[in-house]
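Peer 1: sharing a model that was predicted from the sequence below.
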Amino acid sequence: MKLNEGEIGKNYVVTGVLAEKRVARRLEALGVNQQTPVIILNKKGSGSLIIKVRGTRLALGRQIAEGIAVKEAKK
Amino acid sequence: MNKENCPITVAFVGNPNCGKTTLFNAFTGAKLKVANWPGVTVERVEGETSYEGHPIRVIDTPGVYSLTSYTIEEIVTRKCIEEENIDVIINVVDASSMERNLYLTMQLLELKKPVILALNMMDIVEERGMEIDLHRLPEMLGHIPVVPVSARRRTGLDVLMHAVVHHYEEGPQGVVVRYAPQLETKIGQVEAALRNRYGNMDNLRWHAIKMLEYDEEVYKDHPLNLTGIVDYSYEKDIINEKYNYIEEVVAECLFNKEKQAAMTDRIDQFLTHPLWGIPIFLGIMALVFFLTFTVGDYLKGYFETGLEYFSEGFLAGLQAMGVSPWLISLLVDGIVAGVGGILTFLPNIFILFLALAFLEDSGYMARVAYVMNETMSRVGLSGKAFLPMLLGFGCTVPAVMATRALATERDRRRTILITPFMSCSARLPIYVLFAQMFFGKHALLVAYSLYLIGLLAAIGIAYVVHKIGGSQQEDGLLIELPEYKTPNARTVAIYVWEKVEDYLTKAGTTIFVASIVLWFVLNMGPGGIVEEVSQSFAAMIGRCLVPVLKPAGLGSWQIGVALISGLSAKEVVVSSFSVLYGISNINSGAGMTELSHILSLQGFGPVNAYALMVFCLMYTPCVAAIGTIKRETKSLSWTGGMVLFQLAAAWIMAVIVFQVGSLVF
């Protein structure tokens, strides 16, 4: 599933960064990588969201969130 | 210690918003602006300090997440550490988010230059009940010195400089990040190829790794044919392995991490709420302006009394000395009225910037980018473009410079185009004066409405440009949200003092000169000194504008003159009214009554006043802002076009306001 389809408060694990190359590299440098656990803290109807990743919070637009493939983390 | 030593050159390198600039300021005593969103420092800045007699040259670099070259900040920082003679890199790390900050550290360690890790924000780490193993951490980072500091509380600074002076010749020991065997083989092969072609280089491994990442800069400097060795970009693998290692480091060195980070999350549930986020933002801005007006006005009284005494005493003194009347008129009616009138608005300016500094330092500003993201993406910009616009409430000049943080040139120009519509602090005196003169009890509401009109105009214009330009809707927001924190008194004080200083400087220079020039054009005509102002040069110039400004309800030559002078700085519109009508203390009750009485006699009522404020809100920003825009866009024709566009927009809006207003009221 894509990150923007996730739910607030749930834990996910990144399975791939499929965004456009420039954005993907930027995300990777920010620590959004395969196997990285993320939590969705906040989300708007339009699909932009705030995630917690590697100890910091990132605000992502819908377009970028769509480029991040995730799966639900086993608790 | 030998004082004749060459200065040691130190570069502060770190992620955005990790406290580099605060540290830099602490060392150099400089008062650079600190703000917690990316893009505040966009150029490298230099300063000097010394420790134990060693002169030390310090360089502050823009915040970066990695040493690639995808953004302006990264290019500036990388050039700085690669090309300059940097003796030691101080890697400033936000200890409260080590995982991400250490990624840059890993790259810096590969450079093989001496690196000292400054673990900043240790106070926050402690506040949250976290602990860092300061013994194990350096062991895992090639035995580089690790110094806990708090830039906010100014602790650990001497220890850091001690480390600089004593370790500036030692690089990290050994290889910190060992990659998977197949990657290491590739690195070895590239290293061999490099050595063959260029001889022994001191940072062979760094070059080899960068080449495996397909880094363009490295290939530019050291062209090398690597077919057969490097068949695709290993960047992803390299990043992943670095982060894997960082995870090990964090697992071993950081304790009690998640325990107390919940505060920010709780606040964010309200401030970034999908529904309430925007109303809360507008409410906060309303509160800022409410404080600006009420508290500012409360303090203003003292300034006015002071100015009155000064003005009277000055006049009496000049008369006693027998100074000729024309000089007295220049000094009292020109300079004291013009400059002094502006100084009485200082309390309002002070409160405005105090409130903005609180918002910035608390961590709220970056949230606004998220909150406004949908609104902005509807007009084809990312929420990030809203940050320069917010800065525009303070001053257009830094706001325009902050657009550098935006991704593309197109976004930058569109943001630059609309930023001047955000009411800067220079427009505040105009609103304070005219809203109070003509709207009495509703002054506050009227002034807030102007801020809103500016905001709506900016977004509306962005929308039109977006539609005409036919660009597609994008939502590429990607921004880091800092933790909330109690604003630091020192940071706030520096920020506010800098703004107050700017304001005073402007009063002493631009407004001073403008007042003198204005006095001359008012008192001189084609035939020399004139008795009647209507014969003066100013009146002649102003009268040319009357036909144009009449439909907007601004058809008097004095207003024309005030608006032209306002191009030097928007406050000058107010000081022009002082000089034009010879009012000594324009911001006082008596001064306002006098001016509103004179204006009413000319048929200038509340509707005219509102049209005037709207015109001042929208027309071309001051010369300083235009100059900055020209520099930033590097296009004279674009800047010229913008000026014309803003003049036209101001005229159209003022005409609409006046015509509709006259029908209704």
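Peer 2: Happy to help now that I have it.
Peer 1: quick check: closest non-adjacent residue to the residue nearest to the spatial centre of chain B.
Peer 2: When Cα atoms, centre = their mean is applied to chain B, the residue found nearest the centroid is B:Pro398 (4.3 Å). The shortest distance from B:Pro398 to any residue other than its chain neighbours is 5.7 Å, reached at B:Leu391 (Cβ to Cβ, 6 or more residues apart in numbering or on different chains). From N, CA and C alone the C-beta is placed, and that goes for glycine too.
Peer 1: does the lowest-mean-pLDDT helix or strand in chain A reach chain B?
Peer 2: Using mean pLDDT, DSSP states H and E, the weakest-scoring helix or strand in chain A turns out to be helix A:21-29, at a mean of 81. Yes. Helix A:21-29 lies in contact with chain B when judged by Cβ under 8 Å from any Cβ of the partner chain; the contacting residues are A:22-23, A:25-29.
Peer 1: which SSE is immediately downstream of that helix?
Peer 2: From helix A:21-29 onward toward the C-terminus, using DSSP states H and E, the following helix or strand is strand A:37-43.
Peer 1: just checking, next helix/strand downstream of that following strand?
Peer 2: Downstream of strand A:37-43 (by DSSP H and E), the next one is strand A:49-53.
Peer 1: tell me if that next one is near chain B.
Peer 2: Yes. Against chain B, strand A:49-53 shows contacts by Cβ under 8 Å from any Cβ at A:50, A:52.
Peer 1: same for the next helix-or-strand element following that strand, what does it pack against?
Peer 2: Where DSSP H and E defines the elements, the next helix or strand beyond strand A:49-53 is strand A:56-60. Strand A:56-60 is packed against strand A:49-53, helix B:364-371, strand B:478-481, with contacts defined by 3 or more Cβ pairs under 8 Å, 6 or more residues apart in numbering or on different chains; DSSP states H and E.
Peer 1: now for the closest residue to chain B within chain A: which residues touch it?
Peer 2: Using Cβ to the nearest Cβ, the closest approach of chain A to chain B is made by A:Gly61 at 3.4 Å. When contacts are counted by Cβ atoms under 8 Å, 6 or more residues apart in numbering or on different chains, A:Gly61 is found next to A:47-48, B:373, B:377, B:382-383, B:474-478.
Peer 1: three-state assignment of B:Phe134?
Peer 2: If you look again at residue B:134, you'll see it is Leu, not Phe. coil (DSSP: H, G, I helix; E, B strand; the rest coil).
Peer 1: hmm, whichever strand or helix holds B:Gly460 in reach of chain A?
Peer 2: Assigned by DSSP H and E, B:Gly460 falls within helix B:443-469. No. Between helix B:443-469 and chain A, judged by Cβ under 8 Å from any Cβ, nothing touches; the nearest distance is 15.8 Å.
Peer 1: and that helix, what does it pack onto?
Peer 2: Using 3+ Cβ pairs under 8 Å, 6+ apart, the elements in contact with helix B:443-469 are helix B:277-320, helix B:373-378, helix B:409-418, helix B:428-439, helix B:606-618, helix B:636-664.
Peer 1: right, and those helices - which one's nearest B:Thr71?
Peer 2: B:Thr71 lies closest to helix B:409-418 among those, at 12.6 Å (Cβ to Cβ).
Peer 1: tell me the angle the closest one makes with helix B:443-469.
Peer 2: Direction vectors for helix B:409-418 and helix B:443-469, defined by axes from the mean of the first three to the mean of the last three Cα atoms, to 10 degrees, enclose an angle of 150 degrees.
Peer 1: and B:Val64, that's in a strand?
Peer 2: No. Under three-state DSSP, B:Val64 falls outside any strand and is assigned coil.
Peer 1: the helix holding B:Gly460 to helix B:277-320, inter-axis angle?
Peer 2: Counting by the same axes, to 10 degrees, helix B:443-469 lies at 120 degrees to helix B:277-320.
Peer 1: follow-up on the earlier one: as JSON lines, the contacts of A:Gly61 with distance to B:Leu330 would be great.
Peer 2: Formatted as JSON lines, the contacts of A:Gly61 follow (distance: Cβ to Cβ, whole Å):
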{"residue": "A:Gly47", "distance to B:Leu330": "63"}
{"residue": "A:Ser48", "distance to B:Leu330": "58"}
{"residue": "B:Asn373", "distance to B:Leu330": "53"}
{"residue": "B:Ser377", "distance to B:Leu330": "54"}
{"residue": "B:Ser382", "distance to B:Leu330": "51"}
{"residue": "B:Gly383", "distance to B:Leu330": "51"}
{"residue": "B:Glu474", "distance to B:Leu330": "56"}
{"residue": "B:Asp475", "distance to B:Leu330": "58"}
{"residue": "B:Gly476", "distance to B:Leu330": "56"}
{"residue": "B:Leu477", "distance to B:Leu330": "54"}
{"residue": "B:Leu478", "distance to B:Leu330": "56"}
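Peer 1: would you list the residues you listed in a markdown table and tack on neighbour count and distance to B:Ile564?
Peer 2: Compiled in a markdown table, the contacts of A:Gly61 are given as follows (neighbours: other Cβ atoms under 10 Å in any protein chain shown; distance: Cβ to Cβ, whole Å):
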| residue | neighbour count | distance to B:Ile564 |
| --- | --- | --- |
| A:Gly47 | 19 | 49 |
| A:Ser48 | 26 | 44 |
| B:Asn373 | 28 | 39 |
| B:Ser377 | 23 | 39 |
| B:Ser382 | 26 | 37 |
| B:Gly383 | 26 | 37 |
| B:Glu474 | 17 | 40 |
| B:Asp475 | 22 | 43 |
| B:Gly476 | 23 | 42 |
| B:Leu477 | 28 | 41 |
| B:Leu478 | 22 | 44 |
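Peer 1: and what about B:Leu381, helix, strand or coil?
Peer 2: Looking at B:Leu381 with three-state DSSP, the answer is coil.
Peer 1: residues contacting it?
Peer 2: B:Leu381 neighbours (Cβ under 8 Å, 6+ apart): B:411, B:414-415, B:462, B:466.
Peer 1: now do A:Lys44
Peer 2: With contacts taken as Cβ under 8 Å, 6+ apart, A:Lys44 has the following neighbours: B:274, B:373-374.
Peer 1: just the residues you listed that are near chain A?
Peer 2: B:274, B:373-374.
Peer 1: any chance of TSV for those residues, columns pLDDT?
Peer 2: Below are the ones next to chain A among the contacts of A:Lys44 laid out as TSV (pLDDT from 0 to 100):
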residue	pLDDT
B:Pro274	89
B:Asn373	90
B:Glu374	88
